[in-house]
Each structure stands twice: as C-alpha cells, then as structure tokens.
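> here is a sequence together with a model predicted from it:
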Amino acid sequence: MKLTDMVVPLVIGCILLWGLVRKVNITEEFTAGAAQGLRDAAELVPILVLLMTAVGMFTASGAADIISSIFGNAAQKLGFPQECLPLVLIRPVSGSGALAAADRLLTTISPDSFEGRVASVLMASTETTFYTIAVYSGALRKKAGSRIFIAAAAADITGFVLSALTVRLMFR
C-alpha cells in the first residue's frame, strides 16, 4: 500500500482526533453541516435548471451556429478557427454543453487538425465562468456585480485567443 492511498483516511482520522481533543460533538456537527449542504443544494437547483434549459434551447435552436457564421470571417482573419466558435459561445455557460460541442467538432474534424487542437486546448484552459458566478452568487445569496462579469468575460476572451495562439506556436 502506498502513502497516497492513505492520505484521505489520515486526514479524516486527524479531523476526528482533533474533534475529540477539543471535545466537540462530532456527530452533531457533521449532521448540521450535512443539513446546511442540502439546504444550499436545494437553493441552487433553480439556477442550475435555468442555465441547463437556456443552453439547451440556445444550441437546439441553431442560434450558436447562426452567431458563429456571422462572426466566422472576423474570427478567421484573427487566426481563430470558425469551427470552434460554437464552443466559444457555450463554454462560459455550460460545461456539459461545451463537451457536447467539442465532441461534435472532434467527430467531424480530426483531433489532430488545427481546429481540433484549438478546441482541446480551449476546453482544458477555460472555465464555465458564468455558470460558476451564478452558482457562487446563489450560494452566497448576493447579486454578482458587473465587475465580476467584465473580469470573467475578459478571462474567457484571453483563454480563447491564447488557445489558438498556443496551438499555432506549438504545432506549426
């Protein structure tokens, strides 16, 4: 047995030992924490359903493809593959929607092509920022300020641009 196999049991054991030393009712604290976690999860469900529904409607309606075709020429001139634009539109909002878009792209275009590599780097180097903001804002019961959205959009755009630039520098 390796040491890495023992990390989680050791951490749990240390927490339990610390609770015993400090004379904390571990069962009561665990139950209170689990109950709070369930309440938080129940409050997040409407936000998650809204996001999943909106992304599903956006992709099923063909809006992602229409927007991609509108901005396709500009993207090509900037060195970003037009085929990756639906992924760019969906990635900040939905991880599963982005996975579906990446899967569709990689099944129609070779994963070893420029477009396939850009899609792969983009998926690995960007986050579902607006989804994350919605979840954290809901959990904190605070309205997200406009600065958060501006920073998230800037981070996403940076990730999108640098994904194409990185692939161009590393593989061409």
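The structure has been received and is ready for your questions.
> CA atoms for contacts and neighbours, from now on please.
OK.
> now do the helix or strand harbouring Ala32: which elements does it pack against?
Using DSSP states H and E, Ala32 sits in helix 26-60. Applying 3 or more Cα pairs under 8 Å, 6 or more residues apart in numbering; DSSP states H and E, we find helix 26-60 packed against helix 7-21, helix 129-140.
> can you add mean pLDDT and give those helices back as a markdown table?
As requested, the helices and strands packed on helix 26-60 are exported to a markdown table (pLDDT from 0 to 100):
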| stretch | mean pLDDT |
| --- | --- |
| helix 7-21 | 91 |
| helix 129-140 | 77 |
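> now those helices in TSV, with mean neighbour count and distance to Ala63?
As requested, the helices and strands packed on helix 26-60 are exported to TSV (neighbours: other Cα atoms under 10 Å; distance: least, Cα to Cα, whole Å):
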stretch	mean neighbour count	distance to Ala63
helix 7-21	12	45
helix 129-140	17	18
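> can I get those helices in a markdown table with distance to Asp156?
A markdown table is the format used below for the helices and strands packed on helix 26-60 (distance: least, Cα to Cα, whole Å):
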| stretch | distance to Asp156 |
| --- | --- |
| helix 7-21 | 34 |
| helix 129-140 | 8 |
